[in-house]
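# Kindly return the folded structure for what I paste below:
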Amino acid sequence: MKYFSTRGDSRRLDFVEVLTSGTAQDGGLFMPECFPKFSEEVINSFKDASYEELATNLLFPYIEGFLSKNDFEHIVKQAYNSFSIPEIVRLNETKNLGLVLELFHGPTFAFKDVAMQLLAALLDKAAEKTDKKIVVLGATSGDTGSAAIEACKYFSDINIVILFPDQKISAVQQRQMTTSNASNVFPVSVKGNFDDCQNHVKKIFLEEENKNVRFVSINSINWTRIMAQSVYFFYTKLKIEKDFIASIPSGNFGHAYAGWTAKNMGLSFKGINVATNKNDVLHQLFLNNIYEQKEATSSLAPSMDISVASNFERLLFEIYEKDGKVLNNLFSSFPAKPIKFNDLPSDAWQNVKDFFQSSSCNDEDIISTIVENFDKENLLFDPHTATAIKGNRDLNYDLSEVVTFATAHPAKFPEAINAKLDVLDQNTPSKLKEIMTKKESYSVVENNYNDVVNFINSEVLN
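As a prediction, the model looks like this:
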């Protein structure tokens with residue numbers, strides 16, 4: 001499988017080059033030259049497969065040429081050893097809310113573990129094949145950073161630098177990043193917001209060159225994250241044996257694009273609700289046919305406090321029929337100039353809107369949704385999952401068709417849970433309680449690109 005940029009760079013790269021990089025040199029995101037196609041008959045033949053077997057068979061076409069299938073199978077099993085349940089993800093049937101897919105049984109209690117554990121294991125293999133030092137570099141609005149650190153801290157050939165917005169993530173999320181005590185882990189608090197952190201990371205990938213270092217993205221702009229997350233869409237369909245609507249909390253559009261990827265690979269399902277918090281760039285996009293940056297503000301669902309949904313570029317690439325020159329022109333003036341979908345030459349945008357719906361949820365809605373469903377269902381949801389639960393109701397879905405993706409353990413977000421309920425202590429895993437007593441170790445820098453680069457050069461690369 002070869003990969004190329006969404007913005008027109010003509011080079012075709014192997015998987016290992018995409019795995020161990022960030023954005024393409026022209027600023028675009030990497031895409032596979034084609035999607036492996038699985039017939040309904042082949043998909044159904046995986047019905048009795050374990051999650052690891054399913055992932056191996058679905059994802060191997062993307063990495064073929066980098067590893068043998070036997071080696072890849074071994075890495076997949078290794079990646080999921082740290083999960084607390086043998087099935088990796090779990091489908092639960094509720095009384096009145098439809099099905100809930102629990103994606104938070106990994107080591108940091110968030111869905112990001114599903115992709116991140118595999119990404120780190122693959123990076124460790126890549127480190128054996130390159131003579132460059134691998135520095136994993138990422139920005140986080142919460143769960144990505146902790147999942148990446150947990151996945152990478154055991155691999156001595158990898159250093160990891162995570163930028164997070166100062167005082168704008170939950171205390172639990174921060175401590176999951178700052179209490180690892182691993183010498184190869186460098187958490188950095190930036191005095192800005194998530195978009196500032198992400199912009200610094202993107203700029204480093206484009207501008208910083210070091211012959212001895214390979215900077216690697218662990219954000220969902222890394223294709224490996226997208227492909228890995230596509231697996232549990234297949235898992236869901238095989239378990240329930242019918243078409244469904246996936247209701248997904250979404251900020252950076254990575255989760256949603258993973259569902260679109262599954263569709264491109266041959267999976268049939270009804271569509272996706274892109275559930276947003278009060279930072280509703282994606283909701284406004286699907287509502288008003290315009291992709292426009294708005295300033296992000298802090299919310300009770302901090303992992304979605306994002307003003308630019310980076311992975312939407314991948315969907316745009318398909319909407320504009322893989323014309324990289326068009327995308328290059330669009331993003332040369334974005335976000336100063338919004339992207340509008342009124343004059344497309346085909347029905348591609350309408351096809352997208354037929355598949356994606358959207359919803360939004362403010363902080364008051366999040367709290368009331370959490371309280372209501374704890375009282376009625378005896379189920380405790382984290383604030384991100386609550387946005388999807390409310391969205392299902394607002395969109396008047398037939399809940400027998402809905403699978404809501406529960407993206408994090410509620411105990412990671414005490415501010416939202418404790419607003420009206422006093423039930424968190426008995427619902428907090430011991431591992432999360434323990435980290436709140438550990439000593440933190442992290443650095444703080446100003447919201448300045450040069451300060452970030454200077455920190456990496458002096459503290460990480462020396």
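
# Tell me where the stretch 301-450 of the chain has strands.
Using DSSP state E, counting those that start in this stretch, the strands of the stretch 301-450 of the chain run over 339-340, 356-360, 402-406, 443-445.

# before we move on, what about the stretch 1-150 of the chain?
Along the stretch 1-150 of the chain, counting by DSSP E, counting those that start in this stretch, strands occupy 3-5, 30-32, 90-93, 99-102, 133-139.

# Relative to residue 341, which of those strands is closest?
Closest to residue 341 of those, according to CB to CB: strand 30-32, at 19.8 Å. Backbone N, C-alpha and C define where each C-beta goes, glycine included.

# returning to what we had before: now render the strands of the stretch 301-450 of the chain as CSV, adding distance to residue 119 and mean neighbour count.
As requested, the strands of the stretch 301-450 of the chain are arranged in CSV below (distance: least, CB to CB, whole Å; neighbours: other CB atoms under 10 Å):
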stretch, distance to residue 119, mean neighbour count
strand 339-340, 29, 16
strand 356-360, 25, 21
strand 402-406, 19, 26
strand 443-445, 24, 15
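
# could you redo those strands as TSV and give each row mean pLDDT?
Shown next, in TSV, are these (pLDDT from 0 to 100):
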stretch	mean pLDDT
strand 339-340	90
strand 356-360	97
strand 402-406	98
strand 443-445	97
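
# May I see those arranged in TSV, with distance to residue 321 as well?
Shown next, in TSV, are the strands of the stretch 301-450 of the chain (distance: least, CB to CB, whole Å):
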stretch	distance to residue 321
strand 339-340	15
strand 356-360	18
strand 402-406	30
strand 443-445	42
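
# The strands of the stretch 1-150 of the chain: lowest mean pLDDT?
For the strands of the stretch 1-150 of the chain, mean pLDDT drops lowest on strand 133-139, to a mean of 91.

# Save the strands of the stretch 1-150 of the chain as CSV, and put in distance to residue 80 and mean neighbour count too.
Shown next, in CSV, are the strands of the stretch 1-150 of the chain (distance: least, CB to CB, whole Å; neighbours: other CB under 10 Å):
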stretch, distance to residue 80, mean neighbour count
strand 3-5, 25, 22
strand 30-32, 23, 22
strand 90-93, 13, 13
strand 99-102, 15, 21
strand 133-139, 20, 23
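
# Turn those strands into JSON lines, including distance to residue 287.
Converted to JSON lines, those look like this (distance: least, CB to CB, whole Å):
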{"stretch": "strand 3-5", "distance to residue 287": "30"}
{"stretch": "strand 30-32", "distance to residue 287": "26"}
{"stretch": "strand 90-93", "distance to residue 287": "30"}
{"stretch": "strand 99-102", "distance to residue 287": "26"}
{"stretch": "strand 133-139", "distance to residue 287": "27"}
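
# so which of those gets nearest residue 47?
Among the strands of the stretch 1-150 of the chain, strand 90-93 comes nearest to residue 47, with 14.0 Å by CB to CB.

# CA atoms only for the closest one - export them in CSV, please.
Extracted C-alpha coordinates of strand 90-93, given in CSV (Å, rounded to 0.1, in the frame of the first residue of the first chain):
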residue,chain,number,x,y,z
ARG,A,90,-17.9,-4.1,25.0
LEU,A,91,-21.5,-3.7,23.7
ASN,A,92,-24.1,-3.0,26.4
GLU,A,93,-27.9,-3.0,25.9
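
# Just want to check the distance between residue 137 and residue 163.
Distance, residue 137 to residue 163, by CB to CB, to the nearest Å: 8 Å.

# hey, what's in contact with both of the two?
Listed contacts common to residue 137 and residue 163 are residue 201; contacts here mean CB atoms under 8 Å, 6 or more residues apart in numbering.

# What are the buried residues along the longest helix belonging to the chain?
Assignment by DSSP state H gives helix 112-129 as the longest helix of the chain. For helix 112-129, burial by neighbour count (16 or more other CB atoms under 10 Å) applies to 112-127.

# who does that helix touch, helix- and strand-wise?
In this structure, helix 112-129 makes packing contacts with helix 15-19, helix 69-79, strand 133-139, helix 143-152, strand 158-165, helix 223-229, judged by 3 or more CB pairs under 8 Å, 6 or more residues apart in numbering; DSSP states H and E.

# Next, the angle strand 158-165 makes with that helix.
Computed by axes from the mean of the first three to the mean of the last three CA atoms, to 10 degrees, the angle separating helix 112-129 from strand 158-165 equals 140 degrees.

# Show me how far helix 112-129 is from its chain's centre.
Relative to the centre of its chain, helix 112-129 is centred 15 Å away, using CA atoms, centre = their mean, to the nearest Å.

# Could I get the CA-only coordinates of that helix as PDB?
Backbone C-alpha positions of helix 112-129 (Å, rounded to 0.1, in the frame of the first residue of the first chain) are rendered in PDB as follows:
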ATOM      1  CA  LYS A 112      -7.800   6.600  22.400                       C
ATOM      2  CA  ASP A 113      -6.100   3.500  23.900                       C
ATOM      3  CA  VAL A 114      -7.600   1.300  21.200                       C
ATOM      4  CA  ALA A 115      -5.600   3.000  18.500                       C
ATOM      5  CA  MET A 116      -2.700   4.300  20.600                       C
ATOM      6  CA  GLN A 117      -1.500   1.000  21.900                       C
ATOM      7  CA  LEU A 118      -1.300  -0.400  18.400                       C
ATOM      8  CA  LEU A 119       0.400   2.800  17.100                       C
ATOM      9  CA  ALA A 120       3.100   2.700  19.800                       C
ATOM     10  CA  ALA A 121       3.800  -1.000  19.200                       C
ATOM     11  CA  LEU A 122       4.200  -0.400  15.500                       C
ATOM     12  CA  LEU A 123       6.500   2.600  16.200                       C
ATOM     13  CA  ASP A 124       8.700   0.300  18.300                       C
ATOM     14  CA  LYS A 125       9.100  -2.000  15.300                       C
ATOM     15  CA  ALA A 126       9.800   1.000  13.100                       C
ATOM     16  CA  ALA A 127      12.600   2.100  15.500                       C
ATOM     17  CA  GLU A 128      14.300  -1.100  14.700                       C
ATOM     18  CA  LYS A 129      14.300  -0.300  11.000                       C
END
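
# angle of that helix against helix 69-79?
130 degrees.

# ok now do residue 452, which residues does it touch?
Contact analysis of residue 452 by CB under 8 Å, 6+ apart lists 163, 188, 190, 200, 204, 445.

# if I pick the residue nearest to residue 102 when sequence neighbours are not counted, what's in contact with it?
Nearest residue to residue 102 in three dimensions, chain neighbours excluded: residue 90, at 4.4 Å (CB to CB, 6 or more residues apart in numbering). By CB under 8 Å, 6+ apart, the contact set of residue 90 is 101-102, 105.

# Brilliant, that's me finished.
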